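K.L.:
I would like to see how this sequence folds:
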Amino acid sequence: KKKGRNARGVFEKVPGSDVWWIRFNDALGRFRREKAGTKGMAIDLYRKRKVEALEGKKLPERLRRATATFAEIARDALTYSKVHKAATSYRCDAGRMEVLLGWFREYPAESITAQDIERQFQKQEWAPATPNRYRALLSLIYRLAIRNGKVKENPARLVPHRLEDNGRIRFLSAPEETTLRNAIESKCPERIPEFDLALNTGLRLSEQYGLLWESVSLPRRTLTIPRSKNGTMRHVPLNHAAVKALETLRKLYPASEFACGGAREPRRWFEPALRDAKVASFSWHCLRHTFASRLVMAGVDIRTVQELLGHKTIGMTVRYSHLAPKHTLAAVERLDTPTETPTDTTTDTRVFEQSTAQAAVLH
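P.N.:
Next up is the predicted model:
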């Protein structure tokens with residue numbers, strides 16, 4: 001039995017790679033090769049090029065250069081991320097990039113559509129927030145590629161944004177804090193200052209465990225985050241409990257340049273403490289929620305809470321506003337205040353009416 005032949009003008013450069021190319025003669029009779037992607041995409045592109053050649057159309061300049069693959073523009077974006085983003089954000093981008101490369105590595109960048117991206121998202125069993133993060137990274141990849149002249153359009157813009165459920169905010173209640181604190185003290189009491197620092201500053205995990213002593217000023221009671229999650233510098237004031245925690249950490253790790261002794265994260269001791277304390281559905285990031293929630297419940301205005309948290313937009317902070325019902329309650333309680341008794345005073349409009357009539361006669 002004869003082996004089936006490939007479609008005319010279509011070939012797989014590396015057998016088994018599933019990356020297909022086309023070969024054709026353009027309108028000027030010059031022989032050309034072009035990477036297409038899947039076999040189906042190659043067949044469609046070959047037909048398109050043949051029609052263009054018959055119509056006498058010249059290839060646009062961008063096709064006279066090598067077609068940029070997704071892997072190429074992804075590499076450019078990862079280089080940008082490493083230079084312009086915080087270390088933790090870069091690591092997240094690098095991890096997600098591996099997933100994206102698994103989907104689209106050798107595809108021509110301009111051949112990827114919003115439908116292709118959406119199909120990949122639908123194959124995953126993800127919470128709504130996860131595809132949004134991948135969508136944001138894809139959008140960054142294509143924005144940079146457009147700026148570099150490698151593609152013309154950003155397909156991620158056409159992928160719908162998922163609605164995220166950020167309504168529920170998990171924070172420590174006073175009894176939970178007591179139980180959790182006891183659990184930490186019983187197993188690893190030297191970690192209490194790290195716990196207190198998080199509760200009283202609202203630092204992100206990466207900010208706290210990347211904090212250098214050179215960025216801390218105990219006399220001024222402030223610490224500096226050189227580059228926060230959104231890429232800006234911010235200054236964090238220190239209350240008495242935070243200062244005390246930092247002083248203890250200084251004594252615990254006198255030789256370390258890092259405030260928390262060089263540890264990268266608290267998972268090794270924090271998660272066992274949560275289990276011992278029977279505090280469920282809680283993570284280290286919830287300590288940041290606790291910091292914000294307690295500020296709001298203490299009557300601190302939302303704009304100040306936004307500044308203390310380092311949120312780029314106030315929309316991120318507004319979700320804590322339901323924890324401070326006093327200002328809204330005060331507003332509706334005004335309806336309970338008796339209104340003034342209406343008076344019998346009337347306004348004499350005769351003078352006004354006479355003036356109006358005279359003006360009409362003059363005109």
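K.L.:
wait, what's in contact with residue 290?
P.N.:
Listed by Cβ atoms under 8 Å, 6 or more residues apart in numbering, the contact set of residue 290 reads 171, 172, 177, 199. The way it works is simple: take the backbone N, C-alpha and C, and place the C-beta from them, glycine included.
K.L.:
same check, this time on residue 164
P.N.:
The contact partners of residue 164, by Cβ under 8 Å, 6+ apart, come to 128, 129, 132.
K.L.:
What about those, which one has the most neighbours?
P.N.:
Neighbour counts for the contacts of residue 164 (other Cβ atoms under 10 Å) peak at residue 132, which has 18 neighbours.
K.L.:
I'd assumed residue 159 was in contact with it.
P.N.:
No - with contact defined as Cβ atoms under 8 Å, residue 132 does not reach residue 159; the gap is 9.5 Å.
K.L.:
returning to what we had before: of the contacts of residue 290, buried ones?
P.N.:
Buried members of the contacts of residue 290, scored by 16 or more other Cβ atoms under 10 Å, are 171, 172, 177, 199.
K.L.:
So residue 13 sits against residue 21, correct?
P.N.:
Yes - applying Cβ under 8 Å, one finds residue 13 in contact with residue 21, separated by 5.2 Å.
K.L.:
where do the contact lists of these two overlap?
P.N.:
Common contacts of residue 13 and residue 21 (Cβ under 8 Å, 6+ apart): residue 35.
K.L.:
So for those two, which sits in the more crowded spot?
P.N.:
residue 21 (19 against 10).
K.L.:
my read is the more buried one is in a strand, agree?
P.N.:
Yes - membership of residue 21 in a strand is supported by DSSP: H, G, I helix; E, B strand; the rest coil.
K.L.:
Is it bridged to anything, and to what?
P.N.:
Beta-bridge partners for residue 21, by DSSP bridges, are residue 11, residue 35.
K.L.:
From residue 48, how far off is it?
P.N.:
14 Å (Cβ to Cβ, to the nearest Å).
K.L.:
can you check residue 86 too?
P.N.:
44 Å.
K.L.:
can you check residue 266 too?
P.N.:
Residue 266 is 56 Å from residue 48, by Cβ to Cβ.
K.L.:
These two: which has the busier surroundings?
P.N.:
A count of neighbours by other Cβ under 10 Å puts residue 266 above the other of residue 266 and residue 48, at 21 against 12.
K.L.:
wait, doesn't that one sit right on residue 197?
P.N.:
No - counting by Cβ under 8 Å, residue 197 is not a contact partner of residue 266; they are 10.7 Å apart.
K.L.:
Could I get the phi/psi values of residue 99?
P.N.:
The phi/psi pair for residue 99 (degrees, to the nearest 10) reads phi -70, psi -50.
K.L.:
Per-residue confidence at the nearest residue to it once chain neighbours are set aside, what does it come out as?
P.N.:
Residue nearest to residue 99 in three dimensions, not counting chain neighbours: residue 134, with 7.2 Å by Cβ to Cβ, 6 or more residues apart in numbering. Looking at residue 134, its pLDDT reads 96.
K.L.:
shouldn't residue 134 be in contact with residue 102?
P.N.:
No - in this structure, residue 134 is not within contact of residue 102 by Cβ under 8 Å, at 11.8 Å.
K.L.:
Neighbour count: these two, which is higher?
P.N.:
Between residue 134 and residue 102, counted using other Cβ under 10 Å, the more crowded position is residue 134 (21 against 9).
K.L.:
where's the more buried one, which helix or strand?
P.N.:
Secondary structure assigned from DSSP states H and E places residue 134 in helix 129-147.
K.L.:
for the residue most central in space within the chain, what are its contacts?
P.N.:
The chain has residue 133 as the residue nearest its centroid, 6.0 Å off, counting by Cα atoms, centre = their mean. Taking Cβ under 8 Å, 6+ apart, we find residue 133 in contact with 92, 96.
K.L.:
Let's see that with 7 Å instead.
P.N.:
By Cβ atoms under 7 Å, 6 or more residues apart in numbering, the contact set of residue 133 is residue 96.
K.L.:
Quick check: it vs residue 119, distance?
P.N.:
18 Å.
K.L.:
How about residue 252?
P.N.:
For residue 252, the distance to residue 119 (Cβ to Cβ) stands at 52 Å.
K.L.:
between those two, which one's more packed in?
P.N.:
Higher neighbour count among residue 252 and residue 119: residue 252, with 14 against 11, using other Cβ under 10 Å.
K.L.:
Got phi/psi on that one?
P.N.:
Torsion angles, degrees, to the nearest 10, at residue 252: phi -70, psi -40.
K.L.:
where are the low-confidence patches of the stretch 151-300 of the chain?
P.N.:
Residues of the stretch 151-300 of the chain that meet the criterion pLDDT under 70 lie in 165-168.
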